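Trainee: Sequence and computational prediction follow.
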Amino acid sequence: MGKNKVVVGMSGGVDSSVAAFLLKEQGYEVIGATMQIWQEAREVQEENGGCCGQSAVEDARRVAGQLDIPHYVMNFREEFKCKVMDYFVEEYLAGRTPNPCIACNRHVKWESMLRRSLEIGADYIATGHYARIAVTPEGRYAIRSSVTAKKDQTYALYNLTQEQLAHTLMPVGEYSKEEIRAIAAREGLDVANKPDSQEICFIPDHDYAAFIDREAGERVPGAGNFVTADGQILGRHLGITHYTVGQRKGLNLSMGHPVFVTEIRPETDEVVIGESEAVFGDTLYCNNINFMGMADLTRPREVLAKIRYAHEGQQCVIERVAADVIKCTFLVPVRAITPGQAVVFYEDGYVLGGGSIMRNGMIA
């Protein structure tokens with residue numbers, strides 16, 4: 001008797017393609033599915049065949065044919081518009097810098113795709129993420145770092161629920177990128193040497209501000225003042241949606257030395273500028289908490305915390321200060337604590353949980 005049925009989210013890239021191959025080799029009944037989430041086919045102008053464009057659908061369908069598995073396209077445009085694109089715009093308008101991939105993972109790739117997959121009789125969904133799923137000694141599901149730190153993608157997965165993890169497989173987490181490409185080449189998969197997609201899929205030209213201008217229309221804040229922390233006006237800026245905490249380039253300020261964005265104030269349309277040392281901080285507050293490897297936080301706990309995808313992580317003490325607020329105190333100051341980004345807590349290579357970094361301490 002064969003293993004259970006699994007729907008593999010196939011993006012048209014090498015990682016998800018090899019995930020489908022590995023699961024079929026392990027005896028699962030594999031179905032390939034590609035999400036159609038933001039574009040009309042006629043609008044696609046993606047670079048390197050992004051993760052959700054028409055060429056991605058075609059690449060995934062071709063690989064499914066090579067693997068002799070069925071392939072379907074699942075339409076999640078409505079969910080993606082609401083949970084990812086609208087969220088992205090609203091966060092920038094509020095002076096925060098969002099991570100749309102985290103929102104997409106939780107609400108579209110898992111919530112919507114898992115629900116649809118279970119409805120058609122599948123037992124699991126699977127992806128090509130470089131991460132592993134484990135069960136802690138306390139019996140909780142947790143994301144675990146992949147075998148290769150260079151491609152580790154656990155940060156963007158911290159927001160998954162226990163129910164979602166219980167129905168998820170991540171076979172690629174046991175391999176390095178080089179090994180995955182070698183498997184694809186050995187099996188003759190067309191995508192073996194396909195470049196990785198780097199851009200946000202719905203903004204392939206990387207012009208975030210122009211996208212927000214189009215989506216938000218009259219609500220887009222206009223030009224405002226660059227100011228020091230104590231309110232001294234330094235010059236004019238293009239609008240708060242053009243900036244993020246820690247930014248140095250593109251400010252067009254003649255200060256005679258490098259300066260940085262240290263805060264964004266949407267209520268006054270001000271962008272605060274400071275010296276390099278002002279970009280560092282040792283305390284942040286986060287809300288919208290999702291617990292994963294731990295069930296709750298009842299006392300202060302020292303953990304490793306990452307404040308952005310590329311952050312190596314720093315030791316900090318976390319403690320609950322309100323029903324849905326955790327205070328994080330870093331042992332060594334960290335650079336560019338950015339409201340809207342996620343802070344993710346780790347212990348012994350496992351994701352304990354995380355939350356969204358808040359603005360101005362306790363003020364959301």
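Mentor: Structure's in. What do you need? Numbering: from 1, shown residues only.
Trainee: in the stretch 1-150 of the chain, which spans are helices?
Mentor: 14-25, 54-67, 77-80, 86-93, 100-104, 113-119 (DSSP state H, counting those that start in this stretch).
Trainee: for these, which one ends up most surrounded?
Mentor: For those, the largest average neighbour count (mean count of other C-beta atoms under 10 Å) is found in helix 14-25, namely a mean of 24. The way it works is simple: take the backbone N, C-alpha and C, and place the C-beta from them, glycine included.
Trainee: on that earlier part again, format the helices of the stretch 1-150 of the chain as CSV; extra columns: distance to Ile200 and mean pLDDT.
Mentor: Shown next, in CSV, are these (distance: least, C-beta to C-beta, whole Å; pLDDT from 0 to 100):
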stretch, distance to Ile200, mean pLDDT
helix 14-25, 18, 96
helix 54-67, 14, 88
helix 77-80, 12, 90
helix 86-93, 8, 95
helix 100-104, 6, 91
helix 113-119, 19, 92
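Trainee: Now render those as JSON lines, adding distance to Asn288.
Mentor: Formatted as JSON lines, those follow (distance: least, C-beta to C-beta, whole Å):
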{"stretch": "helix 14-25", "distance to Asn288": "28"}
{"stretch": "helix 54-67", "distance to Asn288": "30"}
{"stretch": "helix 77-80", "distance to Asn288": "18"}
{"stretch": "helix 86-93", "distance to Asn288": "12"}
{"stretch": "helix 100-104", "distance to Asn288": "11"}
{"stretch": "helix 113-119", "distance to Asn288": "20"}
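Trainee: so where is the chain shaky, pLDDT-wise?
Mentor: For the chain, the stretches with pLDDT under 70 are 1-2, 38-54, 149, 198-199, 360-364.
Trainee: for the helices of the stretch 1-150 of the chain, which one sits closest to Ile180?
Mentor: When these are compared by C-beta to C-beta, helix 14-25 sits nearest Ile180, at 4.9 Å.
Trainee: got the angle between the closest one and helix 54-67?
Mentor: Orientation check (axes from the mean of the first three to the mean of the last three C-alpha atoms, to 10 degrees): helix 14-25 against helix 54-67 gives 30 degrees.
Trainee: Send me helix 14-25 as PDB with only the CA atoms.
Mentor: Output in PDB follows, covering the C-alpha atoms of helix 14-25 (Å, rounded to 0.1, in the frame of the first residue of the first chain):
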ATOM      1  CA  VAL A  14      14.400  23.800  -9.100                       C
ATOM      2  CA  ASP A  15      13.700  23.500  -5.400                       C
ATOM      3  CA  SER A  16      10.000  22.700  -5.600                       C
ATOM      4  CA  SER A  17      10.600  20.500  -8.600                       C
ATOM      5  CA  VAL A  18      13.100  18.400  -6.800                       C
ATOM      6  CA  ALA A  19      10.800  18.300  -3.700                       C
ATOM      7  CA  ALA A  20       8.100  16.700  -6.000                       C
ATOM      8  CA  PHE A  21      10.700  14.200  -7.300                       C
ATOM      9  CA  LEU A  22      12.000  13.300  -3.800                       C
ATOM     10  CA  LEU A  23       8.500  12.700  -2.400                       C
ATOM     11  CA  LYS A  24       7.500  10.500  -5.400                       C
ATOM     12  CA  GLU A  25      10.700   8.500  -4.800                       C
END
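Trainee: Which elements pack onto it?
Mentor: strand 5-9, strand 29-36, helix 54-67, strand 124-126, helix 177-186 (3 or more C-beta pairs under 8 Å, 6 or more residues apart in numbering; DSSP states H and E).
Trainee: Just the residues contacting the first one, thanks.
Mentor: Counting contacts by C-beta atoms under 8 Å, 6 or more residues apart in numbering, the residues outside strand 5-9 that touch it are 16, 19-20, 23, 28-35, 109, 113, 117, 120-128, 169.
Trainee: one more time with 6 Å
Mentor: For strand 5-9, contacts defined as C-beta atoms under 6 Å, 6 or more residues apart in numbering pick out 19-20, 23, 28-33, 117, 122-127.
Trainee: Can you give me the buried ones in it?
Mentor: 6-9 (16 or more other C-beta atoms under 10 Å).
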